[in-house]
Structure formats: structure tokens, C-alpha cells
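Enquirer: Curious how this folds, go ahead:
(one chain, ligands or ions: 1)
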Amino acid sequence: MIKVCKFGGTSMADGITMLRVKSIIESDPARRYVVVSAPGKRFGGDIKVTDLLYETYDNVVVSGETGAAFEKICERFRGIVSELKLDLDIDSILAETGEAIVKEASPDFCASRGEYLSGRVMAALLDVPFIDARDVVKFGPDGKLDNARTYALLAEALKGKKRALVTGFYGEDANGRVKTFSRGGSDISGAIVARAAGADLYENWTDVSGFLACDPRIVENPVPIRSLSYKELRELSYMGANVLHSESIFPVREADIPIRIKNTFRPEDKGTDILPTSRYTYSGRRVTGIAGKKNFTVIFLEKSLMNEEIGFTYRTLAVFMKHGISFEHIPTGIDTMSFVIDSAELKGGLLEEMCDEIRDAVKPDSLRVINDIALIAVVGHGMTRSVGVSARLFEAIARAGVNVRMIDQGSSELNIIVGVDNENYERTLKAVYEEFFD
Ligand code: ASP
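Expert: Here you go, the predicted structure:
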């Protein structure tokens, strides 16, 4: 049995949490390969090391020096090493790191040093070999992970090692420079190591006991989700359930490796199992979970006989492609079409520019922009071929007095997405949760 364990930022926050991590790993001989994040927040208001590193990069750009932010990082690591009474020359490691940050002058390199440093410390604490992700996680010229090279290099590096530590969050691009995943990307690194090691289980250790059926900041005490499928996970995490990076499933899915979310601070809790869709068994609930996000923009187009105009969508999407903008959904009618876009993508006059270009490209009878839309995803395999789920959903929303602005249901029947005004988001989420879970 091989388990790969990834520990997140709160698990690496200080010496005491690192000792907890050590005892979790050493309590199970199957926990052979460990992936770590950078130290996260120790208390509310604290700053994550990765955020301090982005600040350090800004300092380097402005003054050519790492500045006060890096000094805070150094203090933090010195504190951890002395708390752990480790025989590690952290001062030299920090000095070399500071010099490398100035020399490389890249945001990705700078941000990656949190994982590098916590990896060095944790490998010393566990007394296991340290594997720098730069040497084994490789991106191709297209910026995507080079699967074949990465898995081969990692498998080689892990071979014959009883235990080893691999740094999370980064790898090396085709030009030999450090490249990070998007924020929270150590979850992806953990999945890659699990895949390369041929693990039986990918344990993702964090500071919550798994997924909850709804956002606990909005709904009081939502029920925990004991198990969900890869597909449900993808839907829920993409829509804002941020326990796990939404891209983490891809490496493990190819090899059918289950993921288990565990709580470093309550290791006795069962957590959430994320299973290959084929191994997933129906929990008896129609809906597995509800997630959502605010701040979407809808571009609504209307044109008589749109249905007969070949290439209408193609020409509209060419505008999206030109600006590198991805859309979330395209609900359509016979003569209408809407494009739902994350508003954060449309800053600095881009929305107006794109609307002008769309007008030119497809000459719609009307084009309207609807701002401040929130999306709510109701997710669950249990909805498939079951009668009445959407009736209950829309009745619950109607009872809450909320007007539905958009509906989208994938033909897989795995989710129903509802768009409402931002100001109705919380109310809708509560109403839907009460309908299916209370
Ligand atoms: N340290 C990185 C971040 O804060 C990556 C991670 O923790 O997964 O986003």
C-alpha cells in the first residue's frame, strides 16, 4: 500500500503543526511520499508566506532588494527551525534564497521559495530525502504539464526510497525557469506525485474535515459530504467549494486513485473520499452539494432568425478567442444567446471593446450587458433520471422571493446552474440548502 500525503499551508504554519505532520506521517508506514505547501496563516490576520513572497518580488522590481517582506519570511523560518531544534543551517539557506530571488527576478521563482523552504525544513525534520520539484515536474513549451517526462522523472526519483519529500506548487518550464501552478496548486503537485508513485490513495491534509454540502459562511452547520465522485468534485470545486484545487483530479483520475481529504488538526475525523466515478455508490441523496460564486457578467444577444444563421456562435466566439477570454456558460434560445463570463476577466474597458466587436461581427438586433450575476450550482449524480429535483429547486427559490435570471443544465444531469442577482446570492443558497438537506 502506498499513500501520498499532501499537507497544506495551515499544516505547515509553525513548528508545532509541523510536529503534528511528522507524527501523522510516521503513524502509518504506507504514508511514504509527502508533498508540502508553504507556511500559511497561523492566526486570523496573519500573512501567508506565499503572499509575502509576491510582495518580495514587488520589492525586487522597485528597488532591486528583497526588503522587509523577505525579512519577515526569514524570521518565520528561523523561528520554526529553532522551535524544532533542527540541525539545519537555515541562515545559509535563507541567504542563498534571497540572492537567487534577486538574480532570477521572476514572480514564479520568488513565489515558489515558500514551498522550497518549508520542504527543506520538513525533509530535515522527517529525516527523509528532499526532492526539488524543479528537477522532476516539467512543463512543455505550451505551458502545460509534460506528463510523460514528469511521471518518468518522478518515478525514477522516488524509486527505492522508503520515504521522500517533494515540494509542492511548482516545476520547471521548457526554458529551464521555475513555473508555478495557479494559487493553491500544491494540491495538483500532490496528485502528480500520487500518479507517478502508483499510489493506492492520495491523502490531502488540510484544516477542515472534508467537504461540506454548502458554504459554512452562509449556511449554519452544513452537513459533511462523506464521499463524492471526481465529477462532482470538479463541479463543486470549480464553483467555489475551495477545499481542493479544482484541477487536482486530472492526474489521479487517469489512474483511478481515490483522494481522501483529512484534517491535520482532527486526524480521527473520517474526512471526505473522492472516488472514481465508476466506484462511486449512490448515497441516497438527490443532491450531493451546493456551491456558488458571485460576480459574473452576461452578454445577451438577440437576433431574429439567429437559428438559421450559420456561424453566428463561431463569429461571436472569435471575439472571445482574440482577447483570450473564456466563458462559463452559453444558455441559448431560438433567437437569443447569452455568454456568461467571470467579471474579473473583463477589466479595463475590455467589456465595451468586446461588445463593439461582437456588434460588428454578428450585427445583433440587440446586445445587452447584465452585470452582478451570481451562479449557484446544485450538484449530484442522484439527480440523474430522477423526477422532481428541478421542480423542488425552483419552488424553493420562488418561495425565497428570488427571480431566476438564468438556468443551465448540462445534459449529463449532474448539475443545474442557476443565475440570480448578486444581492440574492446568500438568500438563494440558504433556500436551496434547506430544501434538499434540512
Ligand atoms: N503556497 C501556494 C499558495 O498559497 C500553493 C499552495 O499552498 O497550494 O497558493
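
Enquirer: Quick test: name the residue nearest the centre of the chain.
Expert: Against the mean C-alpha coordinate of the chain, by C-alpha atoms, centre = their mean, the closest residue is residue 245 at 2.1 Å.

Enquirer: Enumerate every residue touching the residue lying closest to that one once chain neighbours are set aside.
Expert: Using C-beta to C-beta, 6 or more residues apart in numbering and skipping the chain neighbours, the partner closest in space to residue 245 is residue 187 (3.9 Å). For every residue, glycine as well, the C-beta is placed using N, CA and C. If a contact means C-beta atoms under 8 Å, 6 or more residues apart in numbering, then residue 187 has 6, 8, 168, 204, 244-245, 247-248 as its contacts.

Enquirer: Over to residue 181?
Expert: Residue 181 makes contact with 169-170, 188-189, 245, 247 under the criterion C-beta under 8 Å, 6+ apart.

Enquirer: Highest neighbour count among the contacts of residue 187?
Expert: For the contacts of residue 187, neighbours were counted using other C-beta atoms under 10 Å, and residue 168 has the most, 34 neighbours in all.

Enquirer: one step back: which strand or helix spans the residue nearest to the centre of the chain?
Expert: Under the criterion of DSSP states H and E, residue 245 resides outside all helices and strands.

Enquirer: returning to what we had before: which one of the contacts of residue 181 is nearest to residue 61?
Expert: Closest approach between these and residue 61, by C-beta to C-beta: residue 170, at 19.6 Å.

Enquirer: burial of residue 281, as a residue count?
Expert: Residues within reach of residue 281, counting by other C-beta under 10 Å, total 9.

Enquirer: scratch that, residue 55
Expert: Count around residue 55 with other C-beta under 10 Å applied: 19.

Enquirer: Confirm that it lies within a helix, as I assumed.
Expert: Yes. Counting by DSSP: H, G, I helix; E, B strand; the rest coil, one finds residue 55 located in a helix.

Enquirer: Roughly how far does it sit from the ligand?
Expert: As defined by C-beta to the nearest ligand atom, to the nearest Å, residue 55 lies at a distance of 13 Å from the ligand.

Enquirer: What sits closest to that residue if chain neighbours are left out?
Expert: With sequence-adjacent residues excluded and distances taken as C-beta to C-beta, 6+ apart, residue 55 is closest to residue 69, at 3.9 Å.

Enquirer: Just put the contacts of residue 187 in a markdown table and tack on distance to the ligand, secondary structure and pLDDT.
Expert: Rendered in a markdown table, the data for the contacts of residue 187 read as follows (distance: C-beta to the nearest ligand atom, whole Å; DSSP: H, G, I helix; E, B strand; the rest coil; pLDDT from 0 to 100):
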| residue | distance to the ligand | secondary structure | pLDDT |
| --- | --- | --- | --- |
| 6 | 8 | strand | 98 |
| 8 | 6 | coil | 97 |
| 168 | 6 | coil | 98 |
| 204 | 10 | strand | 97 |
| 244 | 10 | coil | 89 |
| 245 | 7 | coil | 91 |
| 247 | 11 | coil | 89 |
| 248 | 10 | coil | 89 |
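
Enquirer: The nearest residue to residue 346 once chain neighbours are set aside and residue 240, how far apart?
Expert: Of all residues beyond its chain neighbours, the one nearest residue 346 is residue 297 (5.8 Å), with distances taken as C-beta to C-beta, 6+ apart. Look at residue 297 and residue 240: by C-beta to C-beta, to the nearest Å, they are 17 Å apart.
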